[in-house]
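Colleague: Fold the following and give me the result.
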Amino acid sequence: NEYGIDIILTGDKEQIEKELESKAYDKNKLEIIHTTQIIENEDKPVMAVRRKKDSSMVVALNLVKEKKADAIVSAGSTGALLAGGTLIVGRIKGIDRPCLCPGLPNIKGGITLLADGGANADCKPKNLTQFAFMSDIYLRKVLGLENPRIGLANIGTEEGKGNELVKEAYYELKDLDLNFVGNVEARDVINSVCDALICDGFTGNTLLKSCEGVAMSLMKLMKEKFMASFKGKMGALMLKDSLKEIKSMMDYTEYGGAPLLGVKGGVIKAHGSSNAFAIKNAINQAIKFANGNVVNDIEQVLKELEEKEKNKFREDVKAVYEEFETEKENDISAMSFEQIKEDSAKWWKEIWETSDVTIDGDEENQQGIRFCIFQLFQTYHGAVKGTNIGAKGLTGEAYNGNAFWDTETYCLPFFLFNNKEAAQNLLYFRYK
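Modeller: Modelled structure (predicted):
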């Protein structure tokens, strides 16, 4: 074959061999794995992947999972491929949601990557930032761009435009080490103002299909008008080469398929009506994906971002805690022992008035409940944002600096009723 690679075909072996009879190829470079099931477009994606384990798609996905293949190229059900890519090949650790990235042709003769193009209808700002850096890696390693321009889909170009998702994502993208060009309106995408357009899957898929519809309708309208008169036919003849060039620029077969970024292997979704040329280009994409170590690069960036986030969080907590301690020290240093004692008694009086739990007729359990309440407020009062309940109580925050969910699971309901500020800060700690 042209690329000199080993190819594994999964499907009905008899049909594949019949199709290959008239073709010249190196049999040492081609392996056929027989499968007995077919995933139809009407099948529910997740159900199909789980039940049709001997389908060509599931068998191929397992080959990628088991590292027996570097990538899969499929023109089958999009939903099933997305489900299989996530469930079988598996998400890269740290990636919340893989994104499908189809290429939208632009007037410069290239493509603008849409991330996401339909895999995730609802997204969080974190998802969009992950789509952005994964797109940047893909554009560098597979398409060979040196400094990809990353844009954010929005209803205006000004900073501060859009809904809460887009506004928060905008500021997060500015903090990433990317060539972020800001907000991009839909009308400008085809003008190649960015190399990757970051958006939720609902927006991306709507944009993609709108552009496809306009392009097909425009070509159809032009053909009708040209063929409607002799003058039109003569004009079309004179413009034949230019029209072919325009059609080629807008032809999806030129660009192969759409990668699913964020999974542990190469997953390329080819168009359902792909011809041999389109499949060939999709295979070329898969080769560049594997050779470019895209997955390894994504994992490395995730580690760097995680460490950066941890350091920032530590600095924020340290600053808040130091401010709190300074205020507390200043307050106490100016107070006498009797004032401190009086303030402490007043604070505990308020705690018992608002947080006591009474048990009638059971003195022993009543004392136990109050002892627990006392210890809980001793170890965590919720006044410092970004701290957590210590797993060892008064002896420090957890074992070796770790904090445990079970501590909060039992304590959070108590704080929700008795100290809402503390409950809010616990949730903030976990969110960050």
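Colleague: residue ranges with poor pLDDT in the stretch 101-250 of the chain?
Modeller: Counting by pLDDT under 70, the stretch 101-250 of the chain shows low-confidence ranges at 249-250.
Colleague: Quick one: the strands in it, in order.
Modeller: Using DSSP state E, counting those that start in this stretch, the strands of the stretch 101-250 of the chain run over residues 103-105, 111-115, 149-153, 179-184, 196-198.
Colleague: closest to Ser274 out of these?
Modeller: strand 103-105 (13.5 Å; CB to CB). Every residue, glycine included, has its C-beta placed from N, CA and C.
Colleague: hmm, who's touching whatever helix or strand Ile268 lives in?
Modeller: In this structure, Ile268 sits in strand 266-270 according to DSSP states H and E. With CB atoms under 8 Å, 6 or more residues apart in numbering as the test, strand 266-270 has contacts from 61, 64, 70-75, 78, 81-82, 85, 89, 100, 102, 256-260, 278-279, 282, 285-286, 289-290, 294-295.
Colleague: so how far is it from its chain's centroid?
Modeller: Once both centres are worked out by CA atoms, centre = their mean, to the nearest Å, strand 266-270 turns out to sit 16 Å from its chain's centre.
Colleague: Check which strands are paired with that strand and give the direction for each one.
Modeller: If you go by DSSP bridges, strand 266-270 pairs up with strand 71-74 (parallel), strand 257-261 (antiparallel).
Colleague: Between these, which one is closest to Arg50.
Modeller: Taking CB to CB, strand 71-74 is the member of these nearest to Arg50, at 17.3 Å.
Colleague: On the C-terminal side of that closest one, identify the next helix or strand.
Modeller: helix 78-84.
Colleague: Residues in contact with that following helix: which ones?
Modeller: 39, 43-46, 48-49, 57-58, 61, 72, 74, 98, 100, 118-119, 260, 267, 269, 272.
Colleague: picking that back up, just name the most buried of the strands paired with strand 266-270.
Modeller: Highest mean neighbour count among those (mean count of other CB atoms under 10 Å): strand 257-261, with a mean of 28.
Colleague: can you give me the angle it makes with strand 111-115?
Modeller: If you take axes from the mean of the first three to the mean of the last three CA atoms, to 10 degrees, strand 257-261 sits at 40 degrees to strand 111-115.
Colleague: how much distance is there from strand 257-261 to the middle of the chain?
Modeller: With CA atoms, centre = their mean, you get 13 Å for strand 257-261.
Colleague: Could you count how many residues lie near Pro125?
Modeller: For Pro125, the count of nearby residues is 17 (other CB atoms under 10 Å).
Colleague: same thing with Pro105?
Modeller: 21.
Colleague: Can you give me the separation between Ala119 and Asp26?
Modeller: 36 Å (CB to CB, to the nearest Å).
Colleague: So which of the two has more stuff around it?
Modeller: Legend: neighbour count by other CB under 10 Å for Ala119 and Asp26, higher for Ala119 (29 against 10).
Colleague: For the more buried one, which non-adjacent residue is closest in space?
Modeller: With sequence-adjacent residues excluded and distances taken as CB to CB, 6 or more residues apart in numbering, Ala119 is closest to Leu100, at 4.2 Å.
Colleague: you'd agree the one you found is up against Phe131?
Modeller: No. Counting by CB atoms under 8 Å, Leu100 does not reach Phe131; the two are 10.0 Å apart.
Colleague: got any residues that touch both of those two?
Modeller: Contacts common to Leu100 and Phe131, judged by CB under 8 Å, 6+ apart, are Asp116.
Colleague: out of these two, which sits in the busier spot?
Modeller: Phe131 (34 against 26).
Colleague: who does the residue nearest to the more buried one when sequence neighbours are not counted bridge with?
Modeller: Nearest residue to Phe131, sequence neighbours excluded (CB to CB, 6+ apart): Ala115, at 4.2 Å. Legend: beta-bridge partners of Ala115 under DSSP bridges are Ile198.
Colleague: Tell me how many other residues surround Ala115.
Modeller: That count, for Ala115 with other CB under 10 Å as the rule, works out to 32.
Colleague: Which one of the strands paired with strand 266-270 lies nearest to Glu353?
Modeller: Glu353 sits nearest to strand 257-261 of all these, at 55.5 Å, using CB to CB.
Colleague: buried residues in stretch 119-127?
Modeller: Of all the residues in stretch 119-127, those buried under the rule 16 or more other CB atoms under 10 Å are Ala119, Asn120, Cys123, Pro125, Asn127.
Colleague: Enumerate every residue touching the second one.
Modeller: Residues in contact with Asn120, defined by CB under 8 Å, 6+ apart, are Arg97, Cys99, Asn127, Asp200, Gly201.
Colleague: How much space separates the first one from Tyr380?
Modeller: Distance check for Arg97 against Tyr380: by CB to CB, it reads 33 Å.
Colleague: quick one, which of those two is more surrounded?
Modeller: Taking other CB under 10 Å, Arg97 and Tyr380 do not tie; Tyr380 has more neighbours (23 against 18).
Colleague: Leaving out chain neighbours, which residue sits closest to the more buried one?
Modeller: Using CB to CB, 6+ apart, the nearest residue to Tyr380 is Ile389, at 4.7 Å.
Colleague: Model confidence score at that neighbour, please.
Modeller: Note for Ile389: predicted pLDDT of 74.
Colleague: From the geometric centre of the chain, which residue sits farthest away?
Modeller: Distance from the C-alpha centroid of the chain peaks at Glu338, with 57.4 Å (CA atoms, centre = their mean).
Colleague: host element of it?
Modeller: Using DSSP H and E, Glu338 falls in helix 337-355.
Colleague: ok, and what's touching that helix?
Modeller: By CB under 8 Å, 6+ apart, the residues outside helix 337-355 that reach it are Ile332, Met335, Ile373, Phe377, Phe414, Asn418, Asn419.
Colleague: for the one helix or strand Gln424 maps to, what is the average pLDDT?
Modeller: Counting by DSSP H and E, the element that carries Gln424 is helix 420-431. The average of the pLDDT scores along helix 420-431 is 80.
Colleague: what do you get for stretch 356-366?
Modeller: 88.
Colleague: again, but for stretch 296-305
Modeller: 91.
Colleague: Pull out the buried positions in it.
Modeller: Those would be Asp297, Ile298, Glu299, Val301, Leu302, Leu305, for stretch 296-305 by 16+ other CB under 10 Å.
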